[in-house]
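Novice: Predicted model and sequence follow; I will ask about them next.
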Amino acid sequence: MYGGGIGDDGDVDYDDDQDGFGYEEYSMDDSLDAITRLERYHTSDFSLQRLVLVRELADTAVDCSYNATLSRMLPLLSNFVADSEPSVRQTFVEQLFPLAQFLIEGGENGYTELTNTFLPFTFELLVDKNVQVGMSAVNTLIKLVELVRDDQIETQILSVVVTLAHDERAEDYRIVAAQLFNELAGRFGSQRCIRSVIKEVEQLSTDASFSVRKTVASNLGKLMQVIGSETSVEKVLPIFLALSKDDIWGVRKACVEHICEISAGVTSAVRNKELVDVFTALVEDQSRWVKVGAYQNLGGLIHSFGKDEIPQKLVTLFAGMVPQPGTECDYSEYCAHSFPAVVAAVGKERWSELEDAYVSLVKDVEWKVRRTLSFSLHEIGKVVGPEISERILTQAFDLFLRDLDEVKIGCVTHVAEFMACLSDNARQKHLHSISALPQETENWRLRELVAENMGALADLVSPKMCKDLLQSVIIRLAEDQVADVRSAAYPSCGRVYYKLAQGDKNEHEELQKWIFSLHPSTPEEESKSHFQRRQMFVHIAGHCCAAGAHSDTFLDMFDKVCVDKVPNVRLVLAKIVSEVLVKCEALKNNPRVLSLRSKLQEDSDKDVQYFSQATA
């Protein structure tokens, strides 16, 4: 046993003086105030204690006041910079920004500590041997730089980064410098970047270490945005072009992975010529990993052209990413993922160049490819219009609805948006498939999604079509055995009822009869009625009111619910009044709604009172 032995009587004899584990040895004195506890335990041998203290540095500063932070806390911080535990150093550097903010708000001494203490600590941790510590330090420095005065950016920040860029002791210093030149370009400003930063980046791009060159290739985009497209073409593009031909495949891969950022920073003419030539060379690279990186970013590159005419070469390459029928391909998932963006870029007029590729992807053997496409049907439909949507996309829609649940879910999630892309006749045909889905599936999450979309679908169809296709479905969903499905159906039921009530042939009567059946009209019926059905009535009637359908009728019935013998029924009414009715523009000042809320606020049940007053 820890710290103890077995006595003669068989009982465990604990002895805190022995070498075993003792809780008190590792606990901190909670009776001490935060700053005193920091002073006592900041050099503890137990790393978890130091970690707890570091996590609370900013809060401790606020608690102990500005002056105590300067005089008692700051002298202790250097211990954490050199802490033996990486998690302590990482947490420490993450605390520097909120701590600096607190001190700067307190006066000039706080700003002095920023430049003399916090920035040096951060620069020291930038080159920490632990990668996570270094990454956190970069993020902290980006934040701290925002606190530095403009007239000190060059002396306090830029000069230090330049020093790192020339440090030959280890490549880590130059790697960090290459990253910071890009990340801090906005703070350096256009003139400093043109005058100083670009030449430093150019020198780093020819560094003997391929890791430094790779970092440069990955960190040019923000710099280009700051200096503008013309200067970028003149000064930065040559750096990128040279790196794209580097002997090390990892550097070339970094180039192709960030080619979209380069595209955003150059002129239209360069984008259409030099950049396309670079990409064409990289997509045919001898390294498989460079080629994969190129295809991964092809869709993004095409989209980056915007209103420019997209070169035929790129569109052909994209369409060629699709595998032959019945075979797998390394690139089909990337193609499916980028398809909506590419269609949006090339437009309806050039759909014919992509149609065959799309039809092949719809039947891809990989279910993840089909799933990706199922989630984007509505986006593509918005671009290509009704004719192409009904000729091509509806076929995909029907196939996906007969596919795995993982694929179906994409169709159902955006079904209303997709149906909005179709004509009335096509919409009616394909709504049959959606209406049948809840009965065909045992997956309650699919039923929940159908329930969520029923209201939006009702907005797209006529009252007669709503009655024929949606009414029976929404009733079944509102009575589903899974509570989440029922909850999703209630708002949709209100919108379906509103659509039916707009008809001129009493299309709403059947649904209205069902809703009324949930609420007993006599004391005898109430005694036989289950309280959960009365709760359902409150939910559905509330959403019918919010939708603008027969509000007076339902408000009359709410007066009776207000005195229901079951508190949980009145509680649901309190929630509906506070969360639905009073937030509805047409009802929030309605005297009957306000009166109803007032009655509920005086209810004998405290929970009913609470929820009737809630505003969130």
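Specialist: Noted; the coordinates are in hand. Residues are numbered from 1 along each chain as shown.
Novice: where in the stretch 251-400 of the chain is pLDDT low?
Specialist: 325-328 (pLDDT under 70).
Novice: in it, which spans are helices?
Specialist: Counting by DSSP state H, counting those that start in this stretch, residue ranges of the helices within the stretch 251-400 of the chain are 259-265, 268-270, 276-283, 288-303, 312-319, 332-346, 352-362, 367-374, 377-388, 394-401.
Novice: right, so of the ones you listed, which gets closest to residue 83?
Specialist: Proximity to residue 83 (C-beta to C-beta) singles out helix 259-265 among the helices of the stretch 251-400 of the chain, at 36.2 Å. The C-beta positions use only the backbone N, C-alpha and C, and glycine is treated the same way.
Novice: name the helices or strands packed onto that closest one?
Specialist: Packing partners of helix 259-265 (3 or more C-beta pairs under 8 Å, 6 or more residues apart in numbering; DSSP states H and E): helix 221-227, helix 276-283, helix 288-303.
Novice: again, only using 7 Å
Specialist: Judged by 3 or more C-beta pairs under 7 Å, 6 or more residues apart in numbering; DSSP states H and E, helix 259-265 is in contact with helix 221-227, helix 288-303.
Novice: Now do the phi/psi pair for residue 107.
Specialist: Main-chain dihedrals, residue 107, degrees, to the nearest 10: phi 150, psi -170.
Novice: Angles on the backbone of the closest residue to it other than its chain neighbours, please.
Specialist: Excluding the flanking residues, the one nearest residue 107 by C-beta to C-beta, 6 or more residues apart in numbering is residue 66, at 7.4 Å. Reported as degrees, to the nearest 10, the phi and psi values for residue 66 are phi -60, psi -50.
Novice: Residue 66 against residue 106, yeah?
Specialist: Yes: taking contacts as C-beta atoms under 7 Å, residue 66 lies within contact range of residue 106: 3.9 Å.
Novice: Show me where this structure dips below the pLDDT cut-off.
Specialist: 1-26, 325-328, 526, 614-616.
Novice: For the lengthiest helix in it, list every residue counted as buried.
Specialist: Secondary structure assigned by DSSP state H gives helix 86-106 as the longest helix of the chain. Judged by neighbour count using 16 or more other C-beta atoms under 10 Å, the buried positions of helix 86-106 are 87-104, 106.
Novice: Give me the packing partners of that helix, helices and strands only.
Specialist: Packing partners of helix 86-106 (3+ C-beta pairs under 7 Å, 6+ apart): helix 47-55, helix 57-64, helix 78-81, helix 108-113, helix 119-126, helix 131-145.
Novice: cutoff 10 Å now
Specialist: Helices and strands touching helix 86-106, by 3 or more C-beta pairs under 10 Å, 6 or more residues apart in numbering; DSSP states H and E, are helix 47-55, helix 57-64, helix 66-68, helix 78-81, helix 108-113, helix 119-126, helix 131-145.
Novice: can you put these in JSON lines and add mean neighbour count and distance to residue 251?
Specialist: Shown next, in JSON lines, are the helices and strands packed on helix 86-106 (neighbours: other C-beta atoms under 10 Å; distance: least, C-beta to C-beta, whole Å):
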{"stretch": "helix 47-55", "mean neighbour count": "19", "distance to residue 251": "38"}
{"stretch": "helix 57-64", "mean neighbour count": "18", "distance to residue 251": "40"}
{"stretch": "helix 66-68", "mean neighbour count": "14", "distance to residue 251": "49"}
{"stretch": "helix 78-81", "mean neighbour count": "16", "distance to residue 251": "33"}
{"stretch": "helix 108-113", "mean neighbour count": "15", "distance to residue 251": "40"}
{"stretch": "helix 119-126", "mean neighbour count": "20", "distance to residue 251": "22"}
{"stretch": "helix 131-145", "mean neighbour count": "19", "distance to residue 251": "20"}
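Novice: Which one, of those helices, ends up nearest to residue 597?
Specialist: It is, among those and with distance given as C-beta to C-beta, helix 57-64, at 40.3 Å.
Novice: now the closest one: how far from the chain's centre is it?
Specialist: On the basis of C-alpha atoms, centre = their mean, to the nearest Å, helix 57-64 is displaced by 31 Å from the centre of the chain it belongs to.
Novice: Now do residue 406: how many residues are near it, please.
Specialist: 12 (other C-beta atoms under 10 Å).
Novice: Over to the one 4 residues further on?
Specialist: Neighbours of residue 410 under the rule other C-beta under 10 Å: 21.
Novice: Can you tell me the element it falls in?
Specialist: Of the helices and strands defined by DSSP states H and E, residue 410 is found in helix 405-413.
Novice: Packing partners of that helix?
Specialist: Applying 3+ C-beta pairs under 10 Å, 6+ apart, we find helix 405-413 packed against helix 367-374, helix 377-388, helix 394-401, helix 424-440, helix 444-460.
Novice: Measure how the fourth one sits relative to helix 377-388, angle-wise.
Specialist: Read it as helix 424-440. If you take axes from the mean of the first three to the mean of the last three C-alpha atoms, to 10 degrees, helix 424-440 sits at 140 degrees to helix 377-388.
Novice: and the angle for helix 424-440 with helix 394-401?
Specialist: Relative orientation of helix 424-440 versus helix 394-401 (the same axes, to 10 degrees): 10 degrees.
Novice: For helix 424-440, what is the distance to the chain centroid?
Specialist: Distance, centroid of helix 424-440 to centroid of chain: 31 Å (C-alpha atoms, centre = their mean).
Novice: Go through it and flag the buried ones.
Specialist: Quick answer for helix 424-440 (16+ other C-beta under 10 Å): 426-428, 430-431, 433-435, 437-438.
Novice: do the third one as well
Specialist: By neighbour count on 16+ other C-beta under 10 Å, the buried set for helix 394-401 is 394, 396-397, 399-401.
Novice: now it against helix 367-374, angle please.
Specialist: 130 degrees.
Novice: Against which helices or strands is helix 394-401 packed?
Specialist: On a contact count with 3+ C-beta pairs under 10 Å, 6+ apart, helix 394-401 meets helix 352-362, helix 367-374, helix 377-388, helix 405-413, helix 415-419, helix 424-440.
Novice: Let's see that with 7 Å instead.
Specialist: Checking 3+ C-beta pairs under 7 Å, 6+ apart, helix 394-401 ends up next to helix 367-374, helix 405-413, helix 424-440.
Novice: what do you get for the fourth one?
Specialist: For helix 424-440, the packing partners by 3+ C-beta pairs under 7 Å, 6+ apart come out as helix 394-401, helix 415-419, helix 444-460, helix 463-469, helix 471-478.
Novice: Repeat that for the second one.
Specialist: Taking 3+ C-beta pairs under 7 Å, 6+ apart as the contact definition, the neighbouring helices and strands of helix 377-388 are helix 332-346, helix 415-419.
Novice: Could you check how many residues crowd around the nearest residue to residue 354 once chain neighbours are set aside?
Specialist: Spatial nearest neighbour of residue 354, excluding adjacent residues (C-beta to C-beta, 6+ apart): residue 319 at 5.8 Å. By other C-beta under 10 Å, the residues close to residue 319 number 17.
Novice: still on that earlier bit, any idea how far the helix holding residue 410 is from the middle of the chain?
Specialist: Here helix 405-413 is found 20 Å from its chain centre; the criterion is C-alpha atoms, centre = their mean.
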